Structures are given as structure tokens and as C-alpha cells.
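Visitor: My questions concern the predicted model and sequence given below.
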There are 2 protein chains.
Amino acid sequence: MSSSYQPRPADNGFLLFNVLQAPAQLAALSDLTEADQGLMEQVLDEAGKFVGEVVAPLSRTGDEIGCRWNAGSVTTPPGFRDAYQAFWQAGWPALSCAEEDGGQGLPWVLEGVLYEWLSAANHGWTMAPGLLHGAYECLKHHGHAELKAAYLSKIASGEWLATMCLTEAHAGSDLGMVRTQAIAQAGGQFPGEHRISGSKIFISGGEHDLSDNIVHLVLARLPGAAPGPKGLSLFLAPKFLPDGTRNGAHCERIEEKMGLHGSPTCVMRFEDATGWLVGQPGAGLNAMFIMMNAARVHVALQGIGLLDAAWQKADAYAHERRQMRAPGPRPASRGEGDSADLLVEHPAMRRILDVQRAWIDAGRLLAYRTGLALDQARHHPEATEREQAQRWCSLVTPVLKAAWTHQAFYGASECLQVFGGHGYVREWGIEQIVRDSRVSMIYEGTNEIQAVDLLLRKVLPDGGAALGQVLLSLRGSLDASRDFDAEVLRRLAELRYLTTTLAAACGSDAVLASQVADDYLRAVALVLMGWAWAQIAQTPGADQARWQTPFKAFRERVLPELDLRLKLIKLQLPQASVAHTA
Amino acid sequence: MSSSYQPRPADNGFLLFNVLQAPAQLAALSDLTEADQGLMEQVLDEAGKFVGEVVAPLSRTGDEIGCRWNAGSVTTPPGFRDAYQAFWQAGWPALSCAEEDGGQGLPWVLEGVLYEWLSAANHGWTMAPGLLHGAYECLKHHGHAELKAAYLSKIASGEWLATMCLTEAHAGSDLGMVRTQAIAQAGGQFPGEHRISGSKIFISGGEHDLSDNIVHLVLARLPGAAPGPKGLSLFLAPKFLPDGTRNGAHCERIEEKMGLHGSPTCVMRFEDATGWLVGQPGAGLNAMFIMMNAARVHVALQGIGLLDAAWQKADAYAHERRQMRAPGPRPASRGEGDSADLLVEHPAMRRILDVQRAWIDAGRLLAYRTGLALDQARHHPEATEREQAQRWCSLVTPVLKAAWTHQAFYGASECLQVFGGHGYVREWGIEQIVRDSRVSMIYEGTNEIQAVDLLLRKVLPDGGAALGQVLLSLRGSLDASRDFDAEVLRRLAELRYLTTTLAAACGSDAVLASQVADDYLRAVALVLMGWAWAQIAQTPGADQARWQTPFKAFRERVLPELDLRLKLIKLQLPQASVAHTA
């Protein structure tokens, strides 16, 4: 009755090739496998098949049976291990890893599309490989050569899965409070050997049966280390040591969660576990920051994927279910004997579908552009280009993560509404998407933390200069003689002006800045969406039914929220600053 | 770790007694037990104890164990039957039933507060008695005397629970498509005996072990009845017939749902079930409409209660959990050894809590006023007063139902965010509220249907006259010399003007009206909230910490949405009408 998610590569391809001209942008980069459109299309087609045929059909079982804990072992749902073994053996985790590490050296943006689809198809299953990429970057850039020789290619290929062991019971978003201890050990298999002891919570994939070994990256504190975040160091501690013995890394239980039952969320106990230092002592958080942008774009793509999965279900249901007569003239879909019309003919249902589509398509364009910027930041031969790309990633990533994970949950709930009472029961699978997606607003930095990151850490410190440069860089692709482009240009100017006003009003007033941070992030998201839709709408081949309908929904139903956000911000500012704003 | 919901009667009492002056309004009514403030406070105190001590502690078990189906029988979660038996034996279901039917003849508004608390404490359990009141009204006003003699007092007291069997698999919101058949039977125990056959879905409490009998009210079609809603008749079919034999009303299975596991949602098969006509043949929907306003206010109160339950959990957590330093000067709550501050000191968390509080308090005031209007519509000696009260109920009820069930789900999700990762796991019980509350946006008429009901059925047909009268009636309680009251007066005028514009622009264009119906309902909700907060804020004793803080959140964070809604509506109107709007 409920069919599983099916990628539609033509949709993603239109954005990647026709709108963004990705191959031309990638051609300028060094160290990347020559990725022309033909190769990229071929990779996406293969990826789409794997996702749709192998991974998507397991989503329902993943939710209903879930992961089971028994005496320290975790059994994943039926089919999960086989699918994972097929996944890594087909080379998918290594897609964008460097060729020297056994990877395929393809652009990051392809990995981005792959993970968007995987998350849409089966969020729980995808959690496991999703963690590989951060671990790979972290180890590659900070690991000692001997440690890398033993672990890097295993992580690149995905033969061994990885975890990030950060959070502790008393330290959620506040990693400075971490208490796990690491005590240096003389000698050892690799340099920097330590014994690690402590408890970690919320460890995705801390224990499972998907891969033959699990490589934990653990944040811990050396004896006498400074209090707070600067006293943290990072260690690599595998489940099985190189000699095959079991390390002291144990799963004490798994959490009962609202959703995401296909991914075991583990409480881990490290008991004199052998681990090796990754990076410098006290630089544990730094070692992890390297992967933060990419990981947050991954989560934004989860949001986009989950919203697309919800939309796909709701759109299909709205095209087959009849309820009541729609208002207005007889629709073409009303047959002779039909006393009721398809749900899709009812304005309230049409609005839900078109608005979500507007979010998905704009989110994809922005996320793919950010994926290209990640590639550029790493591989562009010109330093100024790398810096510009880095600036984009730094500023746009928190916006993507917060706004699109928010929309995943709230928009999936709107899609549930299309099903009426049938949406509330398991049968159609839509309520699972609502439950699964909720976590994406929390992990990898809560959405409130993203907003603070954007405004307090990235926009205000330089008085809005970097954001101004990003916004200015968008103007070149807009044409003021076009109606909508002119509006977007006006909105870009408005946002720059607001940013300057905010920088002046907030000064060093972190309270004021915190009070407006959520609305500010939302305002940036809406302006960026405006730019994205201007790009899509003017691309040749953006046909009426597929692209112009959500474009209209964006203009009429989504973008007007921008004025509300500006108003909400102004209401928090001191009167004097408000008087200066438009 | 997670404590169960505790009613706070002083909060509700402030709104009921200080702001609304309920006893004075009720004093004018006939047929009601003398309900002075002392008696009402006593009833609320007792109700609060029962809810907090007996019903609330079962909520978690209700979710985790849920209802179990076995060979046609349904076992409710441990403790549910005992609690229900205690509930009806203490007389709670009969609170506002007429004394002649064994009830206590107290005002409806007290029942409203009781059910708000019950839903907050244990939504699943509350579904069962929640259905009694509609069945009581329906049977009381439409049942044959002999049928009433056998069933009315059993339903009034709650000794036997009741169901409403409406929906069928192919007919969700569209009851005109109902196919269940009823065939007249000569003779019989009571007049109008029929044999009923057909299948019903989504029947809350269709089978369970809470009460010794279950009284089904079933919508069915007589042979040769007109197609569509006018061919529907209503029948009473008990689980056990008067002679003790089992009737042909069987539970085939119960649904697996997103939440509300404490309430069995049954697929019912009627197989030559004996039933008796309630009301006239073909008037089945009419017979049910009598209870619709009250039932929808009940659901609005579920929303308010669930949001309060979510707020109560989040507020408690925010006052005990420390994470990171809050911005700004050292808060009083930061002790000597504290490296982190309470969540409640962080602006983003404070905003979430205050905004939800603003919705809960305004929702309560509006729902209690509507409860008083339900009492007035039934019991006021003056016809014009009854009509005015009826007008209020008719127009405000869909607004309350849609806007506050929406807020229950989305606001509960915001409250979940206060817990961070801990909100996503079961431990704290907040995710249960999010899952449970989602259904309230769907049942008793989806929120989209409420919006169509408001605009297309109630506002536009008389050109906005009735709504205009309701809005005008609010002006007397506002004082233009007060800053906020003046703004509310302006908003009331704005809404009246918009309504007139809409009436002119839509004419008979049901498509246009449907396109703006959701935004229109939301605009009405925000204006009514404005009125409610003006009332609360100016009431003596509305102290700073408790009432002025959410009032400020309403002004600065909630009310600004009104301009967005007006803008969204105007964007759908033809240009000519927009030119005329302010």
C-alpha cells in the first residue's frame, strides 16, 4: 500500500547540471577525478538504483523491529547488515575519499546527493555510514602516520564503521563539561597510546552487527588538563584491537527513542579501553571542527531528503485518494462516476504540497552549491577562490542545517495532514518520517546553537563584512529587469542593511544578539531561497508543472514570512536603532 | 525523573473568576445548579486532585504498554480500568449533565476545565470518557423516550461508555460516502429497531475493558435512502443487548498509531447488529451536529491541555538543567561553583517557554469564555442572549479547534527542543506528548475543514455580518486609552475590514475562499488572542512573573504574525480588491 522512496535523478540533475553548471565549476579544481556530466549522471543513476532497490525497502522494518540490545551486543533490523555489506563493497562510502586512501576521488557534491537520497529512503540505516566521512577527515588530517596506515583505508572504504563519542550525561551541547579520562601508557602499538575510562551517551552506532569492527573517536581529558573545552583531547579506540582482542568499549544499553529505530543510540562505557591520540593534546575539539561544516551539510541534506520522502508519499496519496467535491469548475481528474475529487484538487492540500516542494528544491540548490563550495575550498588552485568558498560554507552551513531540518519535521507533519486519519496510523509510513526527522533539529548542534553560531560567531564579529561579501556575490547572477530578480535584489540589500543595523545595535550585547538569532537565521534562509528560486525559474527547461508551480508557491506563500522575521527582530532592538531602519 | 502532569487550579481560577467573572455570568442562567465561586473552586480542587493523583501517573504506561487486541477483545493498559471505574463512580462524567438524568447540573465550563486537565495528564485514557458527552446530548435530544429510559442515565453517569461510529475506509472526512446498511425489523425491544451491517474504521473505544457495556452510535443508510449525507440515519447499537446477549458489533483489529496508544482505535464490523433509530430517518448528521460545537471545544481544550503538559515538563527541566554560560550579566541562579547556567537563562529557551505560555493562557481564556457561551446558549432566559452566545460558539469554535491543536503539536515540539537530545528519548515523556497531540489536528474535522467551516460556511454567507457582531461585542471591554487595548481595537477593525473585502472579492468564488481559509482562521485566532491578553493584562492581580511575561511574549513574538497572515491573504486576492485594502 505504501511504497518506499524512489530517487528521481532527473530532478537533482536539473539543479546540478542545468542550474548550477556543476561540471564547469568542478573542471577548475585539482586533485578531483575528472567529473564530467556524463560520469556524474552515471554515478547518480547507479546511486539512485542502489538507494531505491536495496536501502529504501528496509525502512519500514527498521522502524518496526528496530535495533535490539542483548548482553552488550546490538542486532540491527533484518536486512540491514546485508545492505551495508553490499554498500561498502560497491565502493559507495569511498566516493569522495582521496584516491591515495582507496577512494574514488569524486566531488563531494555527489556524496551529498547520495546521502540526501539515502536519508530520504532510510534515515536509520543511513546513520551508520553517515558517520564515516567525519571520522575519515578527522583521522586523515590529524592522525599519526602509523595510526592512519592501520585505520584510514578501512574507514575510507567503510569496511569498518566509525563513531563520534562526544556527549556525556551531564554535558549535552556543552562539551566543555566532558569528564572521560585518558591516561598515557608507555609503549603501545601506535604512538600516543592511552587507557580511556568514562561514560558516553547518545552514541549513534556505538555497537552493532553491520561491520566487523567499529572505530570509536573519543573525546576525553588528560590528567591535569585545563577545565573546559581547551582541556579535551581526541582518541581513536577500536572495538577490536589489532591483535583481535576485544577492547574495553562496551555498549551498556540503547535508548528508546521517538523514531530512528533503525539506528542504535548507545550508552557506551569505556573501561581502560586502549586508544591512541589523534592530533595534539588539548586540541580535541579542533580536530573535530574540521569535519563540522561537512557534517552539518550532511544533516541539512538529511532534512531535505526526509522532506522529499514525505512529499513523495503525500503527492502520491493526493493523486489517488478522493474526498469531497473540490471547489470551482469541474477538474479534468473527475470522472463520470466520481462523486468526490482527488485530494490534489483541494486548495489546502495543493498548498501543502507546493510549499514543501518550494523548500525542497531551493534547499537542494543551496546545499549542492555548498557542496561545490566544499570541493572548491579543498581543491581550488587559487587561494582567494578557496577563501571565498570557505566563507560561503562557513556562513551558509548553519542556515541550511537549521532551516531545512526545521522544515523537514514541520513540513513532514504538513504532508501527514494530507492523509487525514490515515496519516496518523503506521500503514502509510508518513508518521515514521515525522518521528525520524525530529532528531535532525537536535543533533550536530541544535538549531538554536546554529543560530547563535551564525549571528554571534560568524556575522557580528566582523560587523557583517563576510556575510555582506556573500550576499554581494549573489547579485551578479540576478537581472534587475526581471520582476522577481528585482525583488530578490531588494531583499539582499534589505538583509545587508539589517545586518549593519544589528552589528551597530548589538555591539557587544550578546543578550540582544541571542534574542534575535533565530529570526535572523530564518531571514537569511528566506533571502537565500529567493536567490535560489530566481536561479531555477530562469533556467531554460524549467517547465511549468514541475518548477514554476513551486516557484509560485514560494513567492506567494513562503517569502512573505521574511517581513515577519524582520519585524520580530526590530521589535527586540532598542528604539534608537529601529528608527534608523527602513 | 519525569514527573506526571499536575493541574494548577489557581492558574485556571484566575482566568475563570478574576478575568471572566464566570460566577456572575452564570448567575443569570436557569436550570443550572447554583454555581458560586466557592462551589466551583471546590469542584476544581477535587478534580485537580483526581487528575493529578489517579489519571496522570498512568500516562507513561498507557503509551509504553498500550492497548492489546486478542480475538476481538481489547485489554487496556494496567490501571486504566480501575481509574475509569473510580472516575465514573465519583460522578465526574455527570458533572454537567442535567439533574433529571442523574447528573449534577453544573456549568459546562467546569467540565471544560476538567477535560483540559485530563487530556494534559493522559490523553489516551481521556479519549474514552471524552466521547460520553456527545453521545449524551445526541440521545437526550433525539432519542425515543423508551430508548432514553434504558440508556440515557447509563451514559450520563458514564457507567457505560459510548462511541461514535462514523468513518468508513473509503469515507474519511466525507461522510456522504458512508455505506453501512440498516434494515428495519418489525417489533423489537424499542421503537425503530434495525439490523445494521457494515464496517467502520477509526472508532475510538470501539472495544475495551473499561466499562461493562459499550453504547455505539452508528451512522448508516436505510434501503433506498438518498445518496450523500442526506441519506444517513443514526442508530444506537449496544455491545450487550438488554437481555445480556452479545450484539453483532465486533472489533476486528486496532490500529498501530503514531501515539495515543492508551486509546484503542478500532476497526468495527457490524454484522446484523441490533440497533434503534435515533432521530428521524435521513437526519443522522443533524442528530450529530448538536454535539459538534461542544465536541470541538473539547478537542481545543485537549490541545490547550497537551500544550500545558509540554510546557510544564520543559519549564521544570529548564529550571534544573545547566548547559553553557548564558549571555549577559551573571544571573542570580548561577551559584559559586557553576560553570554553566540553567537553560531558562538562555534567551532561545526562554522564548520557547514564554511563547507557549502565551498560547496556553489566551487559549484557556477563549475556551472558557466559549464554555460559558455554551452554557448561555442552553440556559439563558433571554432569546437574544442565547442567540448571541450561539453566534460566538459557532464562529469561535472552529478557530479554537484548529489554532490550538496546531499549537499543541508544534508548540510541544518546541518544548521538546528545550531538552535537547534528552527530548528525543522516551525518558522524559515529552516526545509522547508530541506524538499524542498530532491526532488532534486531524480528528473531529481536520484543521483544514475547520478553516473552510469558518470562512465558507459561517463568515461569507452573510457577508461577514455575524463575525462583525462578535468582533464589535469585544470592543466594550477594551479601553482605547491603554496602549495595547488601542492596538487590539485597531486589529479588530482591520479584521472586520478584511472580512468585508473578502466577502466582496470572493463572492461565490469558493476556490478563492478556500485558498485563503487557513490564513483567515489564523488571523482570527491572533486577533482573539489579542483581545484575551488585553483582558488578562488589565485584571488586578495579574502579577509580573506569572502573567506579564507571557503577555510580553505575545506582543513581541506572537501577534506580529497577524500582518503576515493579512499579507498572505491579500496576495491571493485579485489586484482590484487589494487596491482597496489598507
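Guide: It's in. Numbering: from 1, shown residues only, chains lettered A, B, ... in the order given.

Visitor: Without its sequence neighbours, what residue ends up closest to A:R555?
Guide: Counting by Cβ to Cβ, 6 or more residues apart in numbering or on different chains, A:F484 is the residue found nearest to A:R555 once chain neighbours are left out, at 6.8 Å. (C-beta placed from N, C-alpha, C; glycine too.)

Visitor: thought the one you found was touching A:I536?
Guide: No: between A:F484 and A:I536 there is no contact under Cβ atoms under 8 Å: 10.7 Å.

Visitor: Pick out whichever of those two has more residues nearby.
Guide: Neighbour count, other Cβ atoms under 10 Å in any protein chain shown: between A:F484 and A:I536, A:I536 has more, with 24 against 18.

Visitor: next one: phi and psi at the more buried one?
Guide: Recorded main-chain torsions at A:I536 are phi -60, psi -50, according to degrees, to the nearest 10.

Visitor: residues in contact with it?
Guide: Contact partners of A:I536, counting by Cβ atoms under 8 Å, 6 or more residues apart in numbering or on different chains, are A:15, A:19, A:361-362, A:365, A:542, A:547, A:551.

Visitor: and the stretch 251-400 of chain A, which of its residues are near chain B?
Guide: A:255-258, A:265, A:323-324, A:327-328, A:339-340, A:346-349, A:351 (Cβ under 8 Å from any Cβ of the partner chain).

Visitor: cutoff 7 Å now
Guide: Residues of the stretch 251-400 of chain A found near chain B (Cβ under 7 Å from any Cβ of the partner chain) are A:255-258, A:323-324, A:327-328, A:340, A:347-348.

Visitor: Quick check: ChimeraX command selecting the buried ones in those.
Guide: Filtering these down to the buried ones (16 or more other Cβ atoms under 10 Å in any protein chain shown) takes a single ChimeraX command:
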select /A:255,257,258,323,324,327,340,347,348
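
Visitor: Mind checking which of the residues of the stretch 251-400 of chain A next to chain B land in helices?
Guide: Counting by DSSP state H, these place A:347-348 in helices.

Visitor: Among the residues of the stretch 251-400 of chain A next to chain B, which pair sits farthest apart?
Guide: By the measure Cβ to Cβ, A:E255 and A:G328 form the most distant pair in those, at 49.3 Å.

Visitor: Could I get the pLDDT score of A:T126?
Guide: Confidence at A:T126, expressed as pLDDT, is 98.

Visitor: Name the nearest residue to it, ignoring sequence neighbours.
Guide: If the residues on either side of it in the chain are set aside, A:T126 comes closest to A:L118, at 4.1 Å by Cβ to Cβ, 6+ apart.

Visitor: Now the one you found: which helix or strand?
Guide: A:L118 is part of helix A:108-130, with elements assigned from DSSP states H and E.

Visitor: buried ones in that helix?
Guide: Within helix A:108-130, the residues that qualify as buried are A:108-130, counting by 16+ other Cβ under 10 Å.

Visitor: what does stretch A:275-295 give?
Guide: A:275-279, A:281-285, A:287-288, A:290-295.

Visitor: ok, now which ones touch the residue of the stretch 401-550 of chain A found nearest chain B?
Guide: Relative to chain B, the nearest point of the stretch 401-550 of chain A is A:A510 (3.4 Å; Cβ to the nearest Cβ). Residues near A:A510 by Cβ atoms under 7 Å, 6 or more residues apart in numbering or on different chains: A:456, B:327-328.

Visitor: thinking again about what came up before, tell me the least confident of the contacts of A:I536?
Guide: Least confident of those in the model: A:A542, at 87.

Visitor: for that residue, helix, strand, or coil?
Guide: coil (DSSP: H, G, I helix; E, B strand; the rest coil).

Visitor: Can you report how many residues neighbour it?
Guide: Using other Cβ under 10 Å, the number of residues around A:A542 comes to 17.

Visitor: Helices of the stretch 301-450 of chain A, start to end?
Guide: A:347-379, A:383-418, A:421-424, A:430-437, A:447-452 (DSSP state H, counting those that start in this stretch).

Visitor: need the residues of the stretch 451-582 of chain A near chain B, please.
Guide: By Cβ under 7 Å from any Cβ, the residues of the stretch 451-582 of chain A that approach chain B are A:510-511, A:514-515, A:518, A:556-557, A:560-561, A:563-564, A:567-568, A:571-572.

Visitor: 8 Å instead, please
Guide: So the stretch 451-582 of chain A meets chain B at A:451-452, A:509-511, A:513-515, A:517-518, A:556-557, A:560-561, A:563-564, A:567-568, A:571-572 (Cβ under 8 Å from any Cβ).

Visitor: Quick check: buried residues in the lengthiest strand in chain A?
Guide: In chain A, taking DSSP state E as the definition, the longest strand is strand A:265-278. Applying a neighbour-count criterion of 16+ other Cβ under 10 Å, one finds A:265-270, A:273-278 buried in strand A:265-278.

Visitor: still on that earlier bit, what is the helix holding A:L118 packed up against?
Guide: Here helix A:108-130 touches helix A:37-50, helix A:59-64, helix A:80-89, helix A:292-318, helix A:347-379, helix A:430-437, going by 3 or more Cβ pairs under 8 Å, 6 or more residues apart in numbering or on different chains; DSSP states H and E.

Visitor: Which positions in the first one come out as buried?
Guide: Within helix A:37-50, the residues that count as buried by 16+ other Cβ under 10 Å are A:40-41, A:43-44, A:47-48, A:50.

Visitor: and the angle for that helix with helix A:80-89?
Guide: Going by axes from the mean of the first three to the mean of the last three Cα atoms, to 10 degrees, helix A:37-50 is angled at 170 degrees with respect to helix A:80-89.

Visitor: Other residues contacting stretch A:492-507?
Guide: By Cβ under 8 Å, 6+ apart, stretch A:492-507 touches A:455, A:459-460, A:463-464, A:467-468, A:471-472, A:474-475, A:512-513, A:516, A:520, A:523-524, A:527, A:531, A:566, A:569, A:573-574, A:577, A:580-582.

Visitor: that older thread, which of the residues of the stretch 451-582 of chain A next to chain B fall in helices?
Guide: Those of those lying in helices (DSSP H): A:451-452, A:510-511, A:513-515, A:517-518, A:561, A:563-564, A:567-568, A:571-572.
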